[in-house]
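*Asks:* The following comprises the amino acid sequence and a computationally predicted model.
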Amino acid sequence: MAFYLERRYAEAKRILGDMLNSSALDGHILLGVVAVAEHDCDQARAHFEWAARTFPAPVTKFGLALAAACSGERDRARQYLAQASEPSGTAFASPYQLALGYAYLGDKDSAIAFLEKSAEAKEGQILYLRYDPLFDGIRSRPALHRVGEEGRAKSVTVHASGARGQGTIAPTSLFPKAIPRDGHALGAILSFEATHT
């Protein structure tokens, strides 16, 4: 995930490709997201369609929405996002994932609304907001900054397995003036994992 957030897509694909053997679903979903960020719509569609065939659930509809949006199929993408927002038993697409889909479509108001739900739910993914390339199209919106500050103020509790129990992350800022490409996302994720596992 860190290489994706750092926009080091070739390295992300190498690591995620290795993941296909042990965690195929996660690997295909994350490879699909990387393909969308690179605007490789055919690869995105292939990964997300595999995930949807193998694991029909709301989260895979989110992926199909990204692939459709990547290919310019805006109406189809909206249909998939509507389906993804409907829970199926215990499976669901997170508000953060739905916000990604709407942000990629350019639907800023819907993206902000789902980010507000993500912050309220204290989703750990909200910390990726600072770096996630799929939010680039709406990053300058004042409402995005407001949601980010609310998420920062609430802090996110992360349960870790290990002797240390749980840790709390309270990032100093979710909004850099420029997207760092100098290892900050990778360093932050690796140092958190090292101290909390």
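*Replies:* All right, it came through fine. Residues are numbered from 1 along each chain as shown.
*Asks:* and the residue positioned nearest the centre of the chain, what does it touch?
*Replies:* For the chain, the residue nearest the mean C-alpha position is Gln97 (5.5 Å; Cα atoms, centre = their mean). Neighbouring residues of Gln97 by Cβ atoms under 8 Å, 6 or more residues apart in numbering: Val59, Phe62, Ala84, Gln125. No exception for glycine: its C-beta is placed from N, CA and C like everyone else's.
*Asks:* residues contacting the first one?
*Replies:* Pointing back at Val59 there. Ile29, Ala84, Ala91, Phe92, Ala93, Ser94, Gln97.
*Asks:* same check, this time on the last one
*Replies:* When the contact criterion is Cβ under 8 Å, 6+ apart, the partners of Gln125 are Ser94, Tyr96, Gln97, Ser118.
*Asks:* how does it look with 10 Å?
*Replies:* Met1, Ser94, Pro95, Tyr96, Gln97, Ala99, Leu100, Leu115, Ser118, Asp132, Val156 (Cβ atoms under 10 Å, 6 or more residues apart in numbering).
*Asks:* what does the third one give?
*Replies:* Neighbour list for Ala84: 57-65, 92-94, 97-98, 101 [criterion: Cβ under 10 Å, 6+ apart].
*Asks:* which one of these sits closest to Gln79?
*Replies:* The closest of the contacts of Ala84 to Gln79 turns out to be Ala65 (Cβ to Cβ; 8.0 Å).
*Asks:* Save the contacts of Val59 as TSV, and put in pLDDT, secondary structure and distance to Lys13 too.
*Replies:* Below are those laid out as TSV (pLDDT from 0 to 100; DSSP: H, G, I helix; E, B strand; the rest coil; distance: Cβ to Cβ, whole Å):
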residue	pLDDT	secondary structure	distance to Lys13
Ile29	91	helix	13
Ala84	92	helix	24
Ala91	80	strand	26
Phe92	82	coil	27
Ala93	86	coil	23
Ser94	90	coil	23
Gln97	92	helix	20
